[in-house]
Structures are given as C-alpha cells and as structure tokens.
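Q: Got a sequence here, can you model it:
(one chain, ligands or ions: 2)
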Amino acid sequence: MHILLIAPKYHGYTYGQNYFFNLGIAYISAVLKKEGHDVSCLNTFHIPQVPNCLEKSILKCVDSRGNIDLVGISGLSSMYAFVSEAVAATRRVSPESLIAVGGNVATTMPESIILDLPIDYAILGEGELPVIELIRALESNESFEAIQSLAYRHGKRVIVNQPGSGINELDSIPFPDFEGFEFGEYLKRYCSQGHYSYIDNPRPMPLLMSRSCPRHCTFCYHPPQHKYRQRSVLNAITEVDYMIDKFNINIVEIYDEILFTSFNRERIFELCAYFQERKLLWGCQVMVDAVDEDILMTMKDSGCQTVSYGIENISPRILKSMRKGMSLSKITEVLETTYKVGLDIQGNILFGDSEETWESALENLSWWLANRKYCLNILPITLVQNKYLNFI
Ligand code: B12
Ligand code: SF4
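A: Ligands and ions are numbered 1, 2, ... in the order given. Just a heads-up that it's a prediction; the model follows:
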C-alpha cells in the first residue's frame, strides 16, 4: 500500500527554528516500512512558509508516487487547527485517498474528529498495532470490527472500537524512522542556533525509554488502558549507538515523562555509565521522589545537563487534589540538592486546579518569587475535551 505520513508542526513555530522531533509518527513509519509498505513522509517543520505551502507539499508527495492510498496525519489536541488544515489540503489534492488521524488529538476525541473533519479513521492511543491491522483489513476487504483502538465511520454514525493496551514488549518495536522525516535537516537547525550554546556543533536526538506513567495526576493525559512499560536499557542504547554512527549525535533528549521511579532506580546507573562512556550530554524528566544526592551526582558526572521535575504546586492541599503524591519538604530538598550538584532545573508551577483558591494561588506565587534561582515556569492548567478523564 502507498502511504503518506504527515508530521505536524506545533502552533507558533517559525520556519527555520529548532523544534522537538515527532517520535510518535516516526515509530508508525518504522513499523509500516517493516511490514513492507511504501511509505512517504512529510515533515511539515521543513516546509517554507509560503502561500499554500502545506497543500503544495502534499501535492508534491502525491505526484511523486502516482497515487497515495492512505494518508496518516499526527497531532496533539493543541494541534487541531493544523490537523484540520492538513485534512482539507489532502482532500483537495488527493480526494480518493483514505485519511487516518492519530496522536492525542484522535485519542481524546475520536467521535468529534470523525464527525467534524472529512476523515475516514481515527487511531486511538499507541498506533503501531491498529494501523497495521487497519491496512490488512483494507487490503483484504475485511470488517474493522475486531480492530482495537480504531474509530471509523459507519453511515452517519461513528464506531469506536474497544481500546487496545498498546505493545507490551517495547523492545520488539523497530527503532523510529528518523531518516524518513529528514533528521539531517532537523539537526541543521540546532547547529545554527543557540539552543545548546555550551557545546560546539550540537546534534541532539530524542529517545523514548518507556511508555505511559505509573502515576495518575489529575491534569495529565494518558490513555487509561496503557500501562507503564519500559524498554530494556540495552535496547535503548543500541538505538543511540546506531544514531551516533549514522548522524554523529552528541546529545540525548529523553522524552519519557518519568525516566525512572523510586522502584526502578538501578536503570539510571546503567544508563549513566553508558552516557559517560560515550561522552554524551543528556537531559530527562523525573519525579522528585525518585532521586537523591547520590543519583543526582552520578547523573551530573555522566553528562546530564538538565533535570525536569514534575513539581506543579507547593500547597499540600493542591498537591493532594492533583494526586501528585509529593510533599513540599521533599520538593524543596530535591531542588536544593539539584541546584547544589550543578544540574539545570526545569519545572512548572501550575494554576487552576479544581481546589485552587486565591490563598493557594498567592502562596504558590510567593514561593515561586522567593525561589527564582530554580527558573521554574508558571502556567495555567488547560482543560481539553477528554472523556477518558472519567476513569481517574
Ligand atoms: C515530547 C513532548 C512534547 C514536545 C513535542 C512533541 C512532538 N513533537 O510531538 C513539546 C515539548 C514541544 C511538547 C509540547 C506540548 N505538549 Co507535550 N509531550 C511530549 C511527550 C513527553 C512525549 C511525546 C512522545 O514522543 N511520545 C511518545 C510517542 C511514541 O507517543 P505519541 O507521540 O503519542 O505517538 C503514538 C500515538 O499517539 C500514535 N500516533 C501518533 N501519531 C500518529 C499518526 C498516525 C497516522 C497513527 C496511525 C498513529 C499515530 O502512535 C504513536 C506510537 O505509538 C508527551 C508525553 C508522552 N509520553 O507521550 C507529552 C504530551 C504529548 N504533551 C502534551 C501537552 C499537553 C503539551 C502542550 C500542550 C503543553 C503546554 N501546555 O504547552 C504542548 C503543546 C505544543 C503545541 N504547540 O502544540 C500532552 C498531550 C495531551 C493531548 N491531549 O494532546 C502529553 C501527552 C503529556 C500528557 N501526558 O499530558 N510536548
Ligand atoms: S504529571 Fe508526570 S507523574 Fe503525573 S501522571 Fe503525568 S507524567 Fe505521570
């Protein structure tokens, strides 16, 4: 089957800037190529901003292939406008192509996206298995009934099948298709800009070591049926070794929501030893209760530059309401230690929890002001349409 995959650019992106590589659709491309499909990829971050640029780029892909059977578009909920534009452009230049939308924009609102946009399918949650099964069903003219995590039109109705649980064995998934989405072009943007000013010729790669999260903070979205799963360290470092050989990468940006937890810390020591040996710089996100001074020093010595913490609030009442499972004393202890060890800190203070009061908001602001040295962001919580939040 001839497939075109479209990686979205996020709102506010200016052509030429560096950006965060879209791993999700690169994983989809890798499994489709492994299955023997003919896959074209369009990385919309690389499209110059000229009139009708998206449509012209899609047309170019369609023309170069003769025809495209299925167009797959990815997006977060915040990228709805982009997805809508990409769907309209696809319908104009290739009216016969089937269109499937994946990513959180589809996962969180499958019915509305199918009813509102002229698309054929929405893929919910992790897309590797459902997209392969969808294509098999299309090729053999079979029904879609048994395909988990698929939503589709049926007359005027939308059928949303049972959600699947994702892939259990993460090591079995092929490495993301970096080349397909012009990874060399992605790297060029980092070399010409000051994002990693402390290093000559920065060449970062994104890496995903786990999927989902063992926690259930109220404001954070995960498809409920996806459990927390981890790749083996060996599998992940094999991917990094490949990227060093292929693209000479020297920075690893770990996209995991939490790289390790208080119950699997041994991984971090293994990983640190590897980063140190390969002289790589790296950064990650963790919860404050997973680290201590020993771990932070090992991380620093191994090339870690930045640790991003899920802090979110300092009021015990709001932390409880958010289900963060953290205490202010642990937060302050870990921030102080991280600062002392010399790691850059990232983190947010969120406003707008359902229990928020003027008093708690002011309490947070005063704390934030008194702790400006940690450079934490202050952000509102944004609500999106999400029926799955009911599960919490
Ligand atoms: C890295 C990251 C970013 C990067 C950009 C990522 C990118 N280029 O896509 C940056 C830092 C820019 C970012 C920004 C934001 N992010 Co963010 N981010 C992540 C993070 C940590 C990892 C993303 C990732 O690589 N996941 C791993 C891949 C494998 O999963 P995936 O992308 O979902 O892809 C799978 C499926 O969705 C599906 N799929 C995806 N695309 C397609 C396409 C097709 C055709 C098919 C069939 C299937 C398919 O299959 C993929 C493989 O299984 C996730 C959390 C997470 N672990 O997912 C949050 C997450 C995606 N972010 C989130 C949010 C809220 C934001 C912000 C809105 C935050 C803010 N308030 O500013 C902004 C939005 C930016 C914008 N302007 O639109 C939410 C999204 C919620 C939602 N409903 O969309 C998440 C899920 C965090 C959370 N748990 O709440 N983010
Ligand atoms: S905020 Fe962080 S710890 Fe909480 S559920 Fe989301 S990823 Fe997990």
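
Q: Which strand or helix spans the residue lying closest to residue 114 once chain neighbours are set aside?
A: Nearest residue to residue 114 in three dimensions, chain neighbours excluded: residue 158, at 4.7 Å (C-beta to C-beta, 6 or more residues apart in numbering). No exception for glycine: its C-beta is placed from N, CA and C like everyone else's. If you go by DSSP states H and E, residue 158 is part of strand 157-160.

Q: residues in contact with that strand?
A: 110-111, 114-115, 124, 144, 151-153 (C-beta atoms under 8 Å, 6 or more residues apart in numbering).

Q: Show me what counts as buried in it.
A: Using 16 or more other C-beta atoms under 10 Å as the test for burial, strand 157-160 gives residue 158.

Q: circling back to that earlier point, and the residue nearest to residue 114, how close does it get to ligand 2?
A: Here residue 158 is placed at a distance of 28 Å from ligand 2 (C-beta to the nearest ligand atom, to the nearest Å).

Q: Then residue 41?
A: Residue 41 is 28 Å from ligand 2, by C-beta to the nearest ligand atom.

Q: How about residue 257?
A: Taking C-beta to the nearest ligand atom, one finds residue 257 at 3 Å from ligand 2.

Q: repeat for residue 8
A: Distance from residue 8 to ligand 2, by C-beta to the nearest ligand atom: 22 Å.

Q: That residue contacts residue 79, correct?
A: Yes. With contact defined as C-beta atoms under 8 Å, residue 8 counts as touching residue 79 (4.9 Å).

Q: between these two, what contacts are shared?
A: Contacts common to residue 8 and residue 79, judged by C-beta under 8 Å, 6+ apart, are residue 103.

Q: before we move on, back to that, packing partners for the helix or strand that comes right after the strand holding residue 158?
A: Downstream of strand 157-160, the next assigned helix or strand under DSSP H and E is helix 183-191. Packing contacts for helix 183-191, counted by 3 or more C-beta pairs under 8 Å, 6 or more residues apart in numbering; DSSP states H and E, involve strand 204-207, helix 233-247.

Q: orientation of the last one relative to helix 183-191 in degrees?
A: In terms of direction (axes from the mean of the first three to the mean of the last three C-alpha atoms, to 10 degrees), helix 233-247 departs from helix 183-191 by 80 degrees.

Q: can you pull out the helices in the chain?
A: Ranges of helices in the chain, per DSSP state H, are 23-34, 53-65, 80-93, 104-108, 110-116, 128-139, 183-191, 233-247, 266-277, 293-301, 316-321, 328-341, 358-370.

Q: Run through the residues of the stretch 151-300 of the chain sitting next to ligand 1.
A: 208, 220-222, 255, 257 (C-beta under 6 Å from any ligand atom).

Q: Give me the distance between the residue lying closest to residue 64 once chain neighbours are set aside and residue 6.
A: What sits nearest to residue 64 in space, not counting adjacent residues and going by C-beta to C-beta, 6+ apart, is residue 40, at 7.3 Å. With distances taken as C-beta to C-beta, to the nearest Å, residue 40 is found 10 Å from residue 6.
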